[in-house]
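In: Okay, here's the prediction I keep looking at, along with the sequence it came from:
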Amino acid sequence: MDARRWLRENDYSDIADMIDEIMDEWQSAGKKTRRNWWDILAGGMSGKPSTREGREFPVLRAAQQRQGKPITENALCRNPDEKVPPLVKSGRWPKK
C-alpha cells in the first residue's frame, strides 16, 4: 500500500500533505527523486525524527513496526485501530 494512502486512511492527512508538497517540488524542479517514506516516518537512531527538504517528519509507531525498528516513546499513534501495512517485495533490487 502506498504510504500516502495509508496515512490519509489513518488520520495522518497532514503528513501525507507534507509528502505531496515535497514530491510536487521535486516534479517542478525536474527531479526524479524517490524516497521510501516508511523509512523516513520510522525515524532515525533512537527514534530521532527525520528531516527532508527542510521539513521535520514525526516518528510514527506503525512505521517503526513496519520497518522492524523498536518502538520509541516519541512514536506517534493517532489511530489505536490502525493496521500496519505489510512489506511488499518489489523485486526491483534483489539481494545477491
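Out: Everything's here; your move. Bear in mind that the values here come from a model prediction, so they are computed numbers and not experimental data. Numbers count the residues shown, from 1 in each chain.

In: any idea how far the lengthiest helix in the chain is from the chain center?
Out: Longest helix in the chain, counting residues (DSSP state H): helix 13-28. How far helix 13-28 lies from its chain's middle: 12 Å, per C-alpha atoms, centre = their mean, to the nearest Å.

In: Report the separation between the closest residue to residue 22 other than its chain neighbours and residue 2.
Out: Distances taken as C-beta to C-beta, 6 or more residues apart in numbering place residue 53 nearest to residue 22, at 4.9 Å, with adjacent residues excluded. Any C-beta I mention is one placed from the backbone N, CA and C, and that applies to glycine too. As judged by C-beta to C-beta, to the nearest Å, residue 53 and residue 2 stand 19 Å apart.

In: As a check, name the ranges of all helices in this structure.
Out: Going by DSSP H, the chain shows helices at 3-9, 13-28, 37-42, 61-66.

In: Include mean neighbour count and mean pLDDT when you put those helices into a markdown table, please.
Out: Below are the helices of the chain laid out as a markdown table (neighbours: other C-beta atoms under 10 Å; pLDDT from 0 to 100):
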| stretch | mean neighbour count | mean pLDDT |
| --- | --- | --- |
| helix 3-9 | 18 | 95 |
| helix 13-28 | 15 | 95 |
| helix 37-42 | 21 | 95 |
| helix 61-66 | 21 | 95 |
